[in-house]
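[1] below is the structure, and that's it, no one-letter string:
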């Protein structure tokens with residue numbers, strides 16, 4: 001079956017898309033759909049979930065909208081500095097007064113280009129159609145006669161009586177079509193898998209949120225993508241460590257090569273050994289004929305992601321260190337080693353430095369992994385992003401609920417959701433939103449929404465913030481549940497956290513696992529602060 005590709009465009013770019021699509025009639029079924037934003041999202045979901053489309057293509061603000069909400073393969077028609085300079089050169093031939101309106105970000109190459117070619121250039125950025133219209137109007141007031149931008153921007157400029165040139169190049173569109181065809185073929189042959197991915201879709205723009213913490217995280221991902229170092233990603237359960245790992249891979253020169261991931265905590269030692277190192281035919285009972293490559297060989301030229309590496313047995317840590325040092329791997333049952341080329345990303349929900357101090361993790365491996373360190377903040381430290389995250393999870397749930405109902409729920413629930421400790425972080429928030437969407441189908445009155453989450457929200461109608469400075473003197477009844485303690489811990493100065501941990505241990509009857517889960521911290525931290 002030919003790859004089935006749906007291309008969204010309602011702008012001037014549609015003509016270019018239609019022309020190039022003719023060149024792919026023999027290799028793919030390409031459908032051009034004049035829809036955008038919510039209409040495009042609804043159409044894409046229907047096509048994807050009914051298995052009548054494999055991959056989608058979009059550009060500009062429409063692509064950004066779909067990228068944040070569509071849980072399906074999406075290829076974005078991108079522009080680079082060369083595309084922009086080509087478009088500006090064409091604009092300069094028509095007028096000396098040129099303006100550029102780009103989506104979300106400017107291009108660093110422009111200042112140098114403008115000086116070199118004596119182009120008086122006025123620039124603006126936009127995120128929404130309203131922003132784009134405002135930007136073009138401002139340029140018109142400045143006397144700009146030719147506008148360079150996306151299809152949306154060029155249409156607005158032409159409506160205002162200005163000349164316009166598309167920012168997209170033919171090469172950029174062809175590249176997007178080629179990538180969509182390849183992705184669709186990989187999907188059809190099972191080439192896109194979760195634990196052994198030949199391709200990954202996530203970039204730093206898939207990190208939802210506008211907080212300073214998320215902006216710093218995106219910047220760090222781009223930096224890590226540009227240098228071929230090992231990266232250690234640390235963060236609590238549910239913060240999105242694999243998404244960050246995929247984003248680093250996508251931002252790196254290895255992006256076109258395999259991204260191979262494995263969870264070190266999910267496999268027994270024997271299975272972990274065969275998955276990591278591979279084996280030769282006859283190495284053990286049940287070994288497949290011809291043997292099998294391990295993940296280091298499978299990732300040749302690409303990236304290996306070891307999730308929950310803190311749970312890797314010490315014996316495997318020694319072998320991993322040797323592979324990193326000499327760049328060779330030996331399969332089980334083999335007498336010879338094979339040369340491998342990969343980049344290593346590792347993640348842990350426990351503090352590996354603490355694990356080193358406790359003798360549970362090799363110090364030399366820790367330093368080898370920690371060439372670059374990314375510490376992902378827990379959700380309770382970026383509460384300003386909860387509204388955006390919750391809105392995304394509600395809109396992308398497969399449950400058919402109107403947007404007005406989602407908005408009504410968020411207006412009522414958000415003040416409470418922003419005060420909760422979220423020990424399960426973003427994954428927990430996603431589950432809460434999915435449960436809310438389902439219950440909205442049978443509950444007409446949203447005023448009783450708190451009753452939907454007895455495991456999340458205590459009997460207190462509205463959580464009361466705890467005054468941390470007077471913590472040691474507060475009456476014990478203020479800490480009669482783990483939620484209150486978790487909230488207190490998240491807001492407490494470091495010197496007062498031990499007091500909270502000891503109160504939590506008393507409440508949990510000394511059960512370390514229960515306290516670690518309830519407060520959203522590691523077991524080692526409970527041991528260290530509770531004694």
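    Looks like it came in fine. Remember, it's a predicted structure, so these values are computed and weren't measured experimentally.
[2] CA atoms for contacts and neighbours, from now on please.
    OK.
[3] what number of residues lie near residue 365?
    Using other C-alpha atoms under 10 Å, residue 365 is surrounded by 16 other residues.
[4] wasn't it part of a helix?
    Yes: under DSSP: H, G, I helix; E, B strand; the rest coil, residue 365 sits within a helix.
[5] ok, for it, nearest residue in space, not its chain neighbours?
    Spatial nearest neighbour of residue 365, chain neighbours left out: residue 321 (5.8 Å); criterion: C-alpha to C-alpha, 6 or more residues apart in numbering.
[6] for that neighbour, which three-state class applies?
    Of the three states, residue 321 takes helix under three-state DSSP.
[7] which ones are touching the residue nearest to residue 280 when sequence neighbours are not counted?
    Leaving aside its sequence neighbours, residue 280 sits nearest to residue 291 (C-alpha to C-alpha, 6+ apart; 4.2 Å). Residues near residue 291 by C-alpha atoms under 8 Å, 6 or more residues apart in numbering: 278, 279, 280, 281, 282.
[8] same deal with residue 229?
    Neighbouring residues of residue 229 by C-alpha under 8 Å, 6+ apart: 343, 344, 371, 372.
[9] can you flag the buried ones in these?
    343, 344, 372 (16 or more other C-alpha atoms under 10 Å).
[10] okay, and which of those residues map to strands?
    Using DSSP state E, the members of the buried ones among the contacts of residue 229 that fall in strands are 343, 344, 372.
[11] okay if I get these as CSV plus distance to residue 101 and pLDDT?
    Below are these laid out as CSV (distance: C-alpha to C-alpha, whole Å; pLDDT from 0 to 100):
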residue, distance to residue 101, pLDDT
343, 37, 94
344, 39, 95
372, 36, 93
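[12] now those residues in CSV, with distance to residue 352?
    Shown next, in CSV, are these (distance: C-alpha to C-alpha, whole Å):
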residue, distance to residue 352
343, 20
344, 16
372, 14
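[13] closest one of the residues you listed to residue 315?
    For those, the residue nearest residue 315 by C-alpha to C-alpha is residue 344; the value is 18.4 Å.
[14] could you double-check that residue 309 lies in contact with residue 264?
    Yes: in terms of C-alpha atoms under 8 Å, residue 309 counts as a neighbour of residue 264; the distance is 5.8 Å.
[15] ok, back up a step: which of the contacts of residue 291 are buried?
    278, 279, 280, 281.
[16] could you measure the third one against residue 300, distance?
    According to C-alpha to C-alpha, to the nearest Å, residue 280 and residue 300 sit 18 Å apart.
[17] swap in the second one?
    Relative to residue 300, residue 279 is positioned 16 Å away (C-alpha to C-alpha).
[18] over to residue 355?
    Computed as C-alpha to C-alpha, the residue 355 to residue 300 distance reads 30 Å.
[19] how distant is the longest helix along the chain from the center of its chain?
    The single longest helix within the chain, with elements called by DSSP state H, is helix 170-188. From the chain centre to the centre of helix 170-188 is a distance of 21 Å (C-alpha atoms, centre = their mean, to the nearest Å).
[20] which helices and strands sit right next to it?
    strand 4-8, helix 13-21, strand 55-59, strand 74-77 (3 or more C-alpha pairs under 8 Å, 6 or more residues apart in numbering; DSSP states H and E).
[21] if you count neighbours, what's buried in that helix?
    Buried residues in helix 170-188 (16+ other C-alpha under 10 Å): 172-177, 179-181, 183-187.
[22] ditto for stretch 56-74
    Across stretch 56-74, burial judged by 16+ other C-alpha under 10 Å covers 56-67, 69-70, 72-74.
[23] toward the C-terminus, what is the element adjacent to the lowest-mean-pLDDT helix or strand in the chain?
    Sorting the helices and strands of the chain by mean pLDDT, DSSP states H and E puts strand 196-197 at the bottom, at a mean of 37. Per DSSP states H and E, the first helix or strand lying C-terminal to strand 196-197 is helix 212-226.
[24] name the residues that touch that following helix?
    Helix 212-226 is contacted by residues 204-205, 207-208, 231, 244, 247-253, 372, 374, 376-377, 382 when judged by C-alpha under 8 Å, 6+ apart.
[25] of those, buried ones?
    204, 207-208, 231, 244, 247-252, 372, 374, 376-377, 382.
[26] sorry, back to before: could you measure from the residue nearest to residue 365 over to residue 371?
    Residue 321 is 14 Å from residue 371, by C-alpha to C-alpha.
[27] next one: residue 514
    Per C-alpha to C-alpha, residue 514 is found 33 Å from residue 371.
[28] and if you look at residue 314?
    Counting by C-alpha to C-alpha, the gap from residue 314 to residue 371 is 20 Å.
[29] equivalent analysis for residue 428, please.
    Here residue 428 is placed at a distance of 31 Å from residue 371 (C-alpha to C-alpha).
[30] same question, residue 122
    For residue 122, the distance to residue 371 - C-alpha to C-alpha - is 41 Å.
[31] ditto for residue 380
    Residue 380 sits 27 Å away from residue 371, taking C-alpha to C-alpha as the criterion.
[32] ok, back up a step: so which of the helices and strands packed on helix 170-188 gets nearest residue 327?
    That would be, of the helices and strands packed on helix 170-188 and by C-alpha to C-alpha, strand 74-77, which comes in at 33.7 Å.
[33] pull up the pairing partners for the closest one, direction included.
    Sheet pairing of strand 74-77 (DSSP bridges) gives strand 55-59 (parallel).
[34] what sits up against the partner strand?
    By C-alpha under 8 Å, 6+ apart, the surrounding residues in contact with strand 55-59 are 4-9, 44, 63, 72-78, 176-177, 180-181, 183-184.
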